[in-house]
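In: Make a model of this:
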Amino acid sequence: MQLQAELSKLSPQEQLVLADFLVMHAEKASEPSSAQNVELNRRYAEALAKPESLLAPEDVRRRLQ
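Out: Next up is the predicted model:
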């Protein structure tokens with residue numbers, strides 16, 4: 001609540017600058033690292049090479065529940 005009170009003191013232009021910064025920071029943080037990209041590409045190649053090893057969507061849902 002204290003943070004909200006402090007943020008409300010910012011001008012509309014300052015709020016937009018802050019919002020832009022937060023969005024850009026969140027987008028950057030959500031991008032996979034190069035190591036994660038390597039792993040994703042490996043898994044994708046494996047899935048293409050062995051589609052029979054993939055789980056059906058309903059099996060995934062069942063396992064998650």
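In: for this structure, which helix is longest?
Out: Assignment by DSSP state H gives helix 12-30 as the longest helix of the chain.
In: centre of the chain versus that one, how much separation?
Out: 16 Å (C-alpha atoms, centre = their mean, to the nearest Å).
In: Give me the next element, helix or strand, following that helix.
Out: Sequence order places helix 34-49 as the next helix or strand after helix 12-30, per DSSP states H and E.
In: give the contact list for residue 40.
Out: residue 32 (C-beta atoms under 8 Å, 6 or more residues apart in numbering). In short, each C-beta sits where N, CA and C put it, glycine included.
In: Report the secondary structure state of residue 9.
Out: At residue 9 the chain is in coil, as set by DSSP: H, G, I helix; E, B strand; the rest coil.
In: pLDDT at it, what is it?
Out: Per-residue confidence (pLDDT) for residue 9: 94.
In: Tally up the residues packed near it, please.
Out: As a burial measure, residue 9 scores 8 neighbours (other C-beta atoms under 10 Å).
In: before we move on, the earlier item: list the buried residues in the longest helix of the chain.
Out: For helix 12-30, burial by neighbour count (16 or more other C-beta atoms under 10 Å) applies to no residue.
In: Please enumerate residues in contact with that helix?
Out: So helix 12-30 is contacted by 7, 10 (C-beta under 8 Å, 6+ apart).
In: which non-adjacent residue is nearest residue 32?
Out: residue 40 (6.5 Å; C-beta to C-beta, 6 or more residues apart in numbering).
In: Can you tell me how far the one you found is from residue 46?
Out: The spacing between residue 40 and residue 46, counted by C-beta to C-beta, to the nearest Å, is 11 Å.
In: do the same with residue 4
Out: Applying C-beta to C-beta to residue 4 and residue 46 gives a distance of 47 Å.
In: Between the two, which has more neighbouring residues?
Out: residue 46 (12 against 7).
In: List the contacts of that one.
Out: residue 53.
In: ok, it to residue 22 distance?
Out: For residue 46, the distance to residue 22 - C-beta to C-beta - is 36 Å.
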